[in-house]
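*Asks:* okay, sequence plus prediction incoming.
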Amino acid sequence: MLQALPRIGRRRALLGSVAVCAVLGLLLWWLLPIGPDSPRGTVTFSTGTPTGVYQKYGVLLRTAIDKDLPGLDVRLLNSDGSQENVRRVATGKADFTIAAADAVEAYILQDGPGADRLRGCARLYDDYVHLVVPRSSPVQSVADLKGRTVAVGPGGSGVRLIADHVLAAAGLDPKTDITPHTAGIGTMPALLKEGRIDAFFWSGGLPTGAITQLSQQSGVRLVPIGSDLVAKLHAQGGGSRYYRAAVMPADAYPPAENGSSVQTLAVANVLVTRADMDADLTEKLTRTVIDSRDRIGAQVHAAQLVDLRSAIYTDPLELHEGARRYYRSVKP
């Protein structure tokens, strides 16, 4: 009897260990969706400049994807902006991106490589066009930029595309009536503070961190872009039809706006992928984008404007089949 006790104890300990492992296994299965329903592999997401909203949104979206789709490895690539983002996805150098609708349309009209493979997943938030000058500047309108040095963004950026259109609508030749500077949002504020440029254009979600910081450190203001330019922009055709009159709220950059809202232009951003992207993965990623609105919006104000009711309208792109499945699944 004395010899049997150790064997019984060992048996009970073994059974207890098995039970504990079973319970832990069930808990892990319940808490972590790592089963066959979780896509696996690596996807590349092209974002934007390090101080822009695209990049910050991409970082936060990756965190949300890591939580919802733990089998998926999301790699982020910085970029100059919308034009480069569209080209990367179309040519297979990235799998997903955010791009402004005008840049997508321009790429399609130029018949860029892989343009026919581009698909939309969701309409996200709007970019607002900023024209920033020192507070003491005599510039009161876009037309007043004539003869001045103006930062219009790198060649592959969405802001370059918009700046060229806006300048032309105001009757200025972007190549000869101003001295264009190719600085991006990472260096524009410093160049303005140093007096090396007279103004800069920026297009981004509200607020853009680099402009918030500039407005707090230096005396700057935002030049109104009048609604009278909208008709002239639309008359240009192509991607310009996506610009619309908008108002930048007074609380976007309080030091620069001095308590007043600013008339400007806006253009919608679209989550972009390719037709050959796996439908199941695209469906689940689109779901995460919509479901993570409040989590991301707590840190990126623009993301709060992502709306399920309008997300389905990804013009000028056809919806990806996976995204279409998602919207069908949540249709009331």
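*Replies:* Yep, it's here.
*Asks:* out of all of them, which strand in the protein is the longest?
*Replies:* strand 118-134 (DSSP state E).
*Asks:* and it, how far from the chain's centre?
*Replies:* 8 Å (C-alpha atoms, centre = their mean, to the nearest Å).
*Asks:* kindly report the same for stretch 306-315.
*Replies:* With C-alpha atoms, centre = their mean, you get 14 Å for stretch 306-315.
*Asks:* same thing with stretch 229-246?
*Replies:* With C-alpha atoms, centre = their mean, you get 21 Å for stretch 229-246.
*Asks:* and that stretch, which residues are buried?
*Replies:* 229, 230, 233, 239, 240, 241, 242, 243, 245, 246 (16 or more other C-beta atoms under 10 Å). Bear in mind the C-beta positions are built from the backbone N, C-alpha and C, glycine included.
*Asks:* again with stretch 72-92
*Replies:* Buried residues in stretch 72-92 (16+ other C-beta under 10 Å): 72, 74, 76-77, 79-90.
*Asks:* now stretch 148-168
*Replies:* Quick answer for stretch 148-168 (16+ other C-beta under 10 Å): 148-154, 156-168.
*Asks:* helices - which of these land there?
*Replies:* Among the buried residues of stretch 148-168, DSSP state H puts 158, 159, 160, 161, 162, 163, 164, 165, 166, 167, 168 in helices.
*Asks:* what residues does residue 318 make contact with?
*Replies:* 119, 120 (C-beta atoms under 8 Å, 6 or more residues apart in numbering).
*Asks:* kindly report the same for residue 210.
*Replies:* Residue 210 touches 51, 52, 185, 186, 188, 189, counting by C-beta under 8 Å, 6+ apart.
*Asks:* apart from its neighbours in sequence, what residue is nearest residue 182?
*Replies:* Distances taken as C-beta to C-beta, 6 or more residues apart in numbering put residue 154 closest to residue 182, at 5.3 Å, once the chain neighbours are dropped.
*Asks:* quick one, grab the pLDDT at the one you found.
*Replies:* pLDDT for residue 154: 94.
*Asks:* for it, give me its contacts.
*Replies:* 80, 81, 160, 182, 183, 184.
*Asks:* distance to residue 132 added to those residues, as TSV?
*Replies:* Shown next, in TSV, are the contacts of residue 154 (distance: C-beta to C-beta, whole Å):
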residue	distance to residue 132
80	19
81	17
160	16
182	16
183	12
184	13
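*Asks:* quick one: the helices in the stretch 151-300 of the chain?
*Replies:* 158-169, 188-193, 209-217, 228-235, 254-257, 279-291, 293-297 (DSSP state H, counting those that start in this stretch).
*Asks:* show me what the fifth one is packed against.
*Replies:* This points to helix 254-257. Applying 3 or more C-beta pairs under 8 Å, 6 or more residues apart in numbering; DSSP states H and E, one finds that helix 254-257 contacts helix 209-217, strand 220-222.
*Asks:* what about residue 119, neighbour count?
*Replies:* 23 (other C-beta atoms under 10 Å).
*Asks:* ah, wrong one, I meant residue 183
*Replies:* Count around residue 183 with other C-beta under 10 Å applied: 20.
*Asks:* wait, isn't it in contact with residue 201?
*Replies:* No. Residue 183 lies out of contact with residue 201 (C-beta atoms under 8 Å); the separation is 10.4 Å.
*Asks:* residues shared between the contacts of the two?
*Replies:* Common neighbours of residue 183 and residue 201 (C-beta under 8 Å, 6+ apart) are 151, 153.
*Asks:* quick one on the thing from earlier: which of the contacts of residue 210 sits closest to residue 285?
*Replies:* Proximity of the contacts of residue 210 to residue 285 (C-beta to C-beta) peaks at residue 52, which lies at 21.3 Å.
*Asks:* for residue 202, see how far away that closest one is.
*Replies:* According to C-beta to C-beta, to the nearest Å, residue 52 stands 9 Å off from residue 202.
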